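**Q** Structure of the sequence below:
(chains A and B)
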Amino acid sequence: MQQLISFTTDYTRYILKGGVKFYAWMASLAVLMVGMMYVFYLQNTDGLIVTGMTSQIHDGLYFANLVFLVGVAAGAVTIVFPAYAYHHEGMHKVAVLGEMLAITAVIMVMMFVFAHMGRPDRLWHMVPPWGIYSFSSMLGWDVMVLNGYLILNAICGFYYLWCKYTGNPINQKWFLPVVYLAIVWALSIHTVTAFLISTMPSRPMWHHSMMPIRFISTAFAAGPALIILVFLIIRKNTKFWIDDSAINLLSTIVTWCLGIAIFLTMSEVVVELYARTEHANGLYYLMFGLHGLTKLVPWFWTSVILMIGSFLFLIFPAYRLNYKVLPILCVTTFAGIWIEKGMGLIVPGFIPTPIGEVTEYYPSFVEVLLTIGIWAFGFFILTILLKGAIGILLGDIKYGGSKAVATK
Amino acid sequence: MAINEKTSADPVRQSAPACPAQPASADPSQAVLKTTRRDFLKAGGMLSMSSLMGTAALMAQSDDAHAAIEWAEHFQKNYRLMTAEEKAEAKARLERRYSGEYGKEVTVDTTEAQPGVLMGYALNIRKCIGCRRCVHACVAENNQSRGKDRPGEKIEWIQVLRMERGKFEQEKMNHGYPEGLGIQVGGNAYTPAGQVLEGQYHYNPEKVPEEDATYMPIACMQCEKPPCVKVCPVRTTYREPDGVVVIDYNWCIGCRMCMGACPYWARRLNVTNPVLPKEEMNPVTHYLGNRPRMRGVVEKCHWCLQRSRHGRYPACVEVCPVGARKFGNLLDPESEVSKILARKNVFRLKAELNTFPKFFYFYD
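**A** Modelled structure (predicted):
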């Protein structure tokens, strides 16, 4: 108990301390979060009419981000898996950082759920014993696996940090099985999210069994791309050193998962457009526009250029191993997949509607601001979690050493 | 507080939804009063929940009585799990709120499905002239939002699709597909007929029927295997024993999974507070039917439960000037719908999806 209290106080004290850069970063995120709260208030007094969503296209930017971020959460497994299954030394050192990223991404997903819902005040209707849990609903399963993933990562991550803090040895007997469970669970969260939309025959664009593997391959490209960026920032701004071997393994994973993702996208294009049935209308709208409506066309081609361009550079070790070029490639990969899997996948699913009506959707200012706010919130949590974790890994926070830190 | 007053019996033992013959009684003496320790704990849990969820709602409300009712509405159960007593309470609460809001005596019916009834619908597409009186009658009967300022404020459950008749033309005979690339793989003796363009059901001709068009009215098909019910994470939308798929608007969380799953685009989202002028509001309502909805929930056609459960036709059937719409009990061989199914050429929309609609199209 004594240890727990001192862990909490030391942890809090450590993350509250920081330089001007740190406070400026946190403050600017906080400003965006205030904006988010304002538009969230608007959305829950006036209703979803302040967004671009309609009865025709009722999932938009929020749902797109939700789907994408589930992928980022699952992507954390690209650190944990090599670390524990292949005993990769460089990865093992930083596995806990991957878990922190997973926690953040799942929390952001939940924020987007709140943003997406018409009645967030009734969320408790899903939670037994007050509400009803429906086993036939994919959304119910999604909520369950996401919460499970959050809990598993919180347990793994914070137990590891706790052991580092107190200096106790890790109890491998239960820790390793939980880690392995979390690895398998990571696949489940993205598979179920894919099922969420691919199990609807009413939406032919999504109704194919390629969806889960496509989700996972894009997740394992976008997730590690973000992690590489975070690692490079950590290396530059803290005393914590992340091995080149870890970053290089991640960039290899990004490369090949991105390659698979591109291959799957191209397969879909061929299969759909060769026969060009009415079921291909959604994809056709995305690629070329339909009945003169073309708002998503530039998004799609941007994403294609970003993804293929990044891949062409990434396959050459000269670029992949160059840490000046790598961050740029990570950003382009991340952006490309964000478009492809977000707006590029969700919105055309509704165009045309099941009765053939072609309408368009474009996010409103409220949606954009709320989305930016949630991302800011995510970075806010991520900064806190990473700072605490790094502090413990460096030994800056240690049981019994709290006074030394405080007087520093 | 409303939660403390509620001494609910176990919903499982009571099993209200399983017996359609039992009418929902407003008589409190029929209710079983029993408070178990579990119920008490549940109520306690709800109470702690309440401090979280409802405070904001309370603060936003200026009118006290109104706020108190909405407050209590926040914590009511899923309609299907309510005991008869709780249903009566919910009914009374809603009647009080609606009567206050709309300045007239509003009734909220809770009549349950009658045994031996399975509702069915048949539509003669040969007869439909595209006048869209059904659409307007439906809006008036079912208290849909009818604002004109913003697009999302207008909700119509029935869509009458106007479909152009394609025609084959002599001069196009030798044009082919693909154009100008040597040997053609297809001809051009077709016109993409039946493709519905944007806003095509908002057609507004001077006279109907138009010469070059056919009409296809659609609304909720009341599927026997409804995909929307399967995907609902809170079981707020479900099939009633008489076959109608309904929504408990007070339990809907607005996740819109059902809208995505519906192959007939039958569901609408209340993107804002519904615009329903006092004088136009229909005060005869059903809990699962046409009672006024709230912001953020999904709604759809329910075959006018407030009418059909009392032996009346839905508003669209009643108003149709050409008698294209037929409604009745599928279990009764003498009903109009059963006779149509037995004698006419009948089809269901998107039958390949195995949703088994109880809405049939036929032609003479």
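
**Q** Longest helix in chain B, please.
**A** Using DSSP state H, we find that the single longest helix of chain B is helix B:84-102.

**Q** For that one, the averaged confidence score.
**A** Averaged across helix B:84-102, pLDDT comes to 93.

**Q** now do stretch A:32-43
**A** Per-residue scores along stretch A:32-43 average to 95.

**Q** Strands of the stretch 201-350 of chain B, residue ranges please.
**A** B:213-218, B:237-239, B:245-247, B:268-269, B:284-286, B:298-299, B:325-329, B:345-347 (DSSP state E, counting those that start in this stretch).

**Q** just to confirm, which helix or strand has residue B:120 in it?
**A** If you go by DSSP states H and E, residue B:120 is part of strand B:119-124.

**Q** Report the next helix or strand after that strand in sequence order.
**A** helix B:133-141.

**Q** near chain A, anything from that next one?
**A** No: remark: helix B:133-141 sits outside contact range of chain A, by CB under 8 Å from any CB of the partner chain, the gap being at least 14.3 Å. For glycine as for every other residue, the C-beta is placed from the backbone atoms N, C-alpha and C.

**Q** Show me what counts as buried in the following helix or strand past that helix.
**A** Moving toward the C-terminus from helix B:133-141, the next helix or strand (DSSP H and E) is strand B:159-164. The neighbour-count check on strand B:159-164 (16 or more other CB atoms under 10 Å in any protein chain shown) flags B:159-164 as buried.

**Q** what angle do strand B:159-164 and strand B:213-218 make?
**A** Relative orientation of strand B:159-164 and strand B:213-218, computed by axes from the mean of the first three to the mean of the last three CA atoms, to 10 degrees: 150 degrees.

**Q** Parallel or antiparallel, list what pairs with the helix or strand following strand B:159-164.
**A** Per DSSP H and E, the first helix or strand lying C-terminal to strand B:159-164 is strand B:176-177. Strand B:176-177 sits in its sheet next to strand B:186-187 (antiparallel), going by DSSP bridges.

**Q** Show me which residues of the longest helix of chain B are buried.
**A** B:84-91, B:93-98, B:101-102.

**Q** model confidence over the following helix or strand past it, on average?
**A** As assigned by DSSP H and E, the chain's next helix or strand after helix B:84-102 is strand B:107-109. Mean pLDDT, computed over strand B:107-109, is 96.

**Q** Show me what strand B:107-109 is packed up against.
**A** helix B:84-102, strand B:284-286 (3 or more CB pairs under 8 Å, 6 or more residues apart in numbering or on different chains; DSSP states H and E).

**Q** just how off-centre is the first one within its chain?
**A** On the basis of CA atoms, centre = their mean, to the nearest Å, helix B:84-102 is displaced by 20 Å from the centre of the chain it belongs to.

**Q** Residue A:349: what secondary structure?
**A** helix (DSSP: H, G, I helix; E, B strand; the rest coil).

**Q** burial measure for it, as a count.
**A** 22 (other CB atoms under 10 Å in any protein chain shown).

**Q** Tell me if I'm right that it and residue A:202 touch.
**A** No: taking contacts as CB atoms under 8 Å, residue A:349 lies outside contact range of residue A:202: 9.7 Å.

**Q** Where does chain A get nearest to chain B, which residue?
**A** Proximity of chain A to chain B (CB to the nearest CB) peaks at residue A:118, 2.0 Å away.

**Q** That residue against residue B:296, yeah?
**A** Yes: at 3.1 Å, residue A:118 counts as touching residue B:296 under the criterion of CB under 8 Å.

**Q** what residues are up against the closest residue to residue B:78 other than its chain neighbours?
**A** Closest residue in space to residue B:78, ignoring its immediate chain neighbours: residue B:251 at 4.8 Å, by CB to CB, 6 or more residues apart in numbering or on different chains. By CB atoms under 8 Å, 6 or more residues apart in numbering or on different chains, residue B:251 lies in contact with A:122, A:125, B:77-79, B:234, B:236.

**Q** what is residue B:269 paired to in the beta sheet?
**A** residue B:298.

**Q** Domain ranges for chain B, per the record?
**A** By the assignment in automatic domain parsing, chain B contains the domains B:2-103, B:119-161+B:216-363.

**Q** Could you give the separation between the terminal residues of the last one?
**A** So the one you mean is domain B:119-161+B:216-363. 20 Å (CA to CA, to the nearest Å).

**Q** How many residues are close by residue 298?
**A** If you meant another chain, say so; for now it's chain A. 10.

**Q** Wait, chain B was what I had in mind.
**A** 27.

**Q** got it, and residue B:279?
**A** Neighbour tally, residue B:279, other CB under 10 Å: 7.

**Q** now do residue B:291
**A** 25.

**Q** Distance check, whatever residue of the stretch 201-350 of chain B ends up closest to chain A against residue A:96.
**A** Of all residues in the stretch 201-350 of chain B, the one sitting closest to chain A is residue B:254 (2.0 Å; CB to the nearest CB). Here the criterion is CB to CB, to the nearest Å. By it, residue B:254 lies 37 Å from residue A:96.

**Q** Equivalent analysis for residue A:375, please.
**A** 23 Å.

**Q** residues contacting the residue lying closest to residue B:69 once chain neighbours are set aside?
**A** Counting by CB to CB, 6+ apart, residue B:69 lies nearest to residue B:97, which is 4.6 Å off, once chain neighbours are set aside. Contact partners of residue B:97, counting by CB under 8 Å, 6+ apart, are B:66, B:69-70, B:73.

**Q** quick revisit: switch the helices and strands packed on strand B:107-109 over to a markdown table, and while doing so, append distance to residue A:151 to every line.
**A** A markdown table is the format used below for these (distance: least, CB to CB, whole Å):
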| stretch | distance to residue A:151 |
| --- | --- |
| helix B:84-102 | 34 |
| strand B:284-286 | 42 |
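
**Q** so of the strands of the stretch 201-350 of chain B, which one's packed in deepest?
**A** strand B:298-299 (a mean of 26; mean count of other CB atoms under 10 Å in any protein chain shown).

**Q** list residues touching both of residue A:118 and residue B:296?
**A** What both residue A:118 and residue B:296 touch, as defined by CB under 8 Å, 6+ apart, is the set A:47-48, B:252, B:254, B:269-270.

**Q** Out of these, the closest to residue B:185 would be?
**A** residue B:269 (42.5 Å; CB to CB).

**Q** Can you give me the pLDDT of the closest one?
**A** At residue B:269, pLDDT is 95.

**Q** pretty sure it is touching residue A:55, no?
**A** Yes: applying CB under 8 Å, one finds residue B:269 in contact with residue A:55, separated by 5.1 Å.

**Q** Common neighbours of these two, please.
**A** Common neighbours of residue B:269 and residue A:55 (CB under 8 Å, 6+ apart) are residue B:259.

**Q** Let me see the ranges of the helices in the stretch 201-350 of chain A.
**A** A:211-237, A:244-275, A:281-288, A:297-314, A:317-320, A:326-341, A:343-346 (DSSP state H, counting those that start in this stretch).

**Q** okay, the ones you listed, which one's buried deepest?
**A** helix A:343-346 (a mean of 24).

**Q** And chain B, is that helix touching that?
**A** No: Helix A:343-346 stays clear of chain B (CB under 8 Å from any CB), getting no nearer than 10.0 Å.

**Q** Sweet, I'm off.
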